[in-house]
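Q: coords please:
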Amino acid sequence: NAIILFSICLIAILVWGCKTKQYTLEEYQGPQISFGSGGGFTGMYTRFTLFENGQIFKKGGSEKEFSAFGIAKKNDVAQTFKNYDVLKINDIELNEPGNMNYYIEYKGKDKTHNVTWGGVNKPASDELKLFYQLLNNLVKSASKEN
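A: Numbering: from 1, shown residues only. Below you'll find the predicted structure:
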């Protein structure tokens, strides 16, 4: 009986210990990537914010506040943050809004970097378009929070 009780306690500790700590937008201090699109006829924007721990928040349309959207897989999130560096998104200097705008914002401990595109004068690079698509795919594959 003692072995069974010990095993149950050990499993419970492992399960609770491995759960990702949940944060609010205001209290989270780690790296994060925000991205979205909007404008056009309606002028509405949709914005997602991804934390390095996998939490995703969304604000869309006429919503005034962000809401918890879901949780992305840890491996996918780690790869996304690596892709930001590999694709050298931080080196892209682009502030070219248009009728429909797309944007990516990185916030780290000591830096914030923004790129905006959609205008006709200076199109987005292939790397920027690829990274934006990767972010959208990550959001689509995230498990929804209840």
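Q: list the contacts of Tyr45.
A: Gly36, Ser37, Gly38, Gly39, Lys59, Gly60, Gly61, Asn101 (C-beta atoms under 8 Å, 6 or more residues apart in numbering). In short, each C-beta sits where N, CA and C put it, glycine included.
Q: ok, of these, which one's closest to Lys129?
A: Relative to Lys129, the closest of the contacts of Tyr45 is Ser37; by C-beta to C-beta it sits at 12.1 Å.
Q: leaving out the residues flanking it, which one is nearest to the residue minimising distance to the centre of the chain?
A: Among the residues of the chain, the one closest to the centroid is Leu50, at 2.1 Å (C-alpha atoms, centre = their mean). Excluding its sequence neighbours, the residue lying closest to Leu50 (C-beta to C-beta, 6 or more residues apart in numbering) is Ile33, at 4.9 Å.
Q: just the contacts of Tyr45: which are in strands?
A: Using DSSP state E, the members of the contacts of Tyr45 that fall in strands are Gly36, Ser37, Gly38, Gly39, Lys59, Gly60, Gly61, Asn101.
Q: so can I have a markdown table of these showing neighbour count, distance to Ala68 and pLDDT?
A: Shown next, in a markdown table, are the ones in strands among the contacts of Tyr45 (neighbours: other C-beta atoms under 10 Å; distance: C-beta to C-beta, whole Å; pLDDT from 0 to 100):
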| residue | neighbour count | distance to Ala68 | pLDDT |
| --- | --- | --- | --- |
| Gly36 | 20 | 16 | 95 |
| Ser37 | 17 | 21 | 94 |
| Gly38 | 17 | 21 | 91 |
| Gly39 | 15 | 25 | 88 |
| Lys59 | 19 | 11 | 90 |
| Gly60 | 15 | 13 | 86 |
| Gly61 | 9 | 17 | 78 |
| Asn101 | 17 | 25 | 94 |
